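Participant: Could you look at this predicted model? Sequence included:
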Amino acid sequence: MTTQADTLSERVTHIEAAMEHLATKADLATLRSEMHQMETRLTRWTVGTMLGGMAAAAAIASAVAALAG
């Protein structure tokens, strides 16, 4: 029959094993910084792509207007 100390020791061992896989405050700060950088990068790509698409659409519309008129 297990004693209360044995059960407690098993529980502590289980908790310590699980804690190795948890993120620390430093890990979360690094992740937050990386996510902010990625958001900025994606925003710049989105705006650049939209401006390029609008320029292409304007060029096509101008060419069609010149050919039609």
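Facilitator: Noted; the coordinates are in hand.
Participant: Kindly provide the whole-number mean pLDDT of the helix or strand where A56 lies.
Facilitator: Per DSSP states H and E: A56 is located in helix 25-68. The average pLDDT within helix 25-68 is 97.
Participant: just how off-centre is it within its chain?
Facilitator: 17 Å (Cα atoms, centre = their mean, to the nearest Å).
Participant: Just name whatever secondary elements it is in contact with.
Facilitator: Here helix 25-68 touches no other helix or strand, going by 3 or more Cβ pairs under 8 Å, 6 or more residues apart in numbering; DSSP states H and E. For the C-beta atoms, the positions are set from N, CA and C on the backbone; glycine is no exception.
Participant: Output stretch 3-17 as CSV, nothing but the C-alphas.
Facilitator: The C-alpha coordinates for stretch 3-17 follow below in CSV (Å, rounded to 0.1, in the frame of the first residue of the first chain):
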residue,chain,number,x,y,z
THR,A,3,1.8,6.0,1.7
GLN,A,4,0.9,9.6,1.4
ALA,A,5,4.5,10.6,1.0
ASP,A,6,5.0,8.2,-2.0
THR,A,7,1.9,9.6,-3.6
LEU,A,8,3.0,13.2,-3.1
SER,A,9,6.5,12.3,-4.4
GLU,A,10,4.9,10.9,-7.6
ARG,A,11,2.7,13.9,-8.0
VAL,A,12,5.7,16.3,-7.6
THR,A,13,7.7,14.3,-10.1
HIS,A,14,4.8,14.4,-12.6
ILE,A,15,4.5,18.2,-12.2
GLU,A,16,8.2,18.8,-12.6
ALA,A,17,8.2,16.8,-15.8
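Participant: Quick one: mean pLDDT over it.
Facilitator: The model assigns stretch 3-17 a mean pLDDT of 88.
Participant: number of nearby residues for E34?
Facilitator: By the measure other Cβ atoms under 10 Å, the count of residues near E34 is 10.
Participant: Use 472 as the first number for this chain going forward.
Facilitator: Okay, using 472 as the starting number, the last item reads as E505.
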